[in-house]
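>>> Provided below are the primary sequence and the corresponding predicted coordinates.
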Amino acid sequence: MEASLNELTNTREKIFDLEREILQCEQAEIVTNHYFAHGTYTREVLLPKGLVLTGKIHRHSCINIIAKGKILVVTDEGEYTIEAPHTFVSGPNVKKAGAVLEDTVWLNVHPWDGESDLEQIENQVIIKESIEWHG
């Protein structure tokens, strides 16, 4: 069990190291669309080929849909090359990093209580993090 915890910590720290490096670079414009339906909030991001990115940490498990494209994803749960179409569930408190191999459309589906303010929705579904704290 201890080796697993060490691997998890090392992977997560490497992702935060990558995030610090990315923040030193010019930031890409990522198109994000928001959809609301009875009980669900879906965030769609359009990721251009060649982009390297890190994701936000979700408070709860959520559905992930890769609707188009191909992306290499690294998390503390493992390393995966995901090619559309593909749907999976990621657990809570997972930090992801990715390298976009083909233009990719990625959707996350979250529960929704009717709140319309995107900042409030993000407060409900995302764990605010400080990469300085993790360094």
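Everything's here; your move.

>>> And the strands in the chain?
Ranges of strands within the chain are 31-37, 40-47, 52-54, 57-58, 62-75, 78-83, 86-90, 96-111, 126-127, based on DSSP state E.

>>> Of those, which is nearest Ile15?
Checking the strands of the chain against Ile15 by Cβ to Cβ gives strand 96-111 as the closest, at 4.6 Å. C-betas here are computed from N, CA, C, even on glycine.

>>> is it possible to export the strands of the chain to TSV including mean neighbour count?
Converted to TSV, the strands of the chain look like this (neighbours: other Cβ atoms under 10 Å):
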stretch	mean neighbour count
strand 31-37	11
strand 40-47	18
strand 52-54	17
strand 57-58	18
strand 62-75	18
strand 78-83	13
strand 86-90	13
strand 96-111	18
strand 126-127	14
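
>>> TSV for those, including distance to Phe16 and mean pLDDT?
Listed next are these as TSV, based on distance: least, Cβ to Cβ, whole Å; pLDDT from 0 to 100:
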stretch	distance to Phe16	mean pLDDT
strand 31-37	22	95
strand 40-47	20	96
strand 52-54	8	91
strand 57-58	11	90
strand 62-75	12	96
strand 78-83	16	93
strand 86-90	18	95
strand 96-111	9	96
strand 126-127	13	88
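
>>> among those strands, which is nearest Arg20?
strand 52-54 (9.6 Å).

>>> Pick out the residue nearest the middle of this structure.
Gly55 (3.2 Å; Cα atoms, centre = their mean).

>>> show me the contacts for that residue.
Contact analysis of Gly55 by Cβ atoms under 8 Å, 6 or more residues apart in numbering lists 95-98.

>>> of those, closest to Pro48?
Closest to Pro48, out of all of the contacts of Gly55 and judged by Cβ to Cβ, is Gly98, at 12.0 Å.
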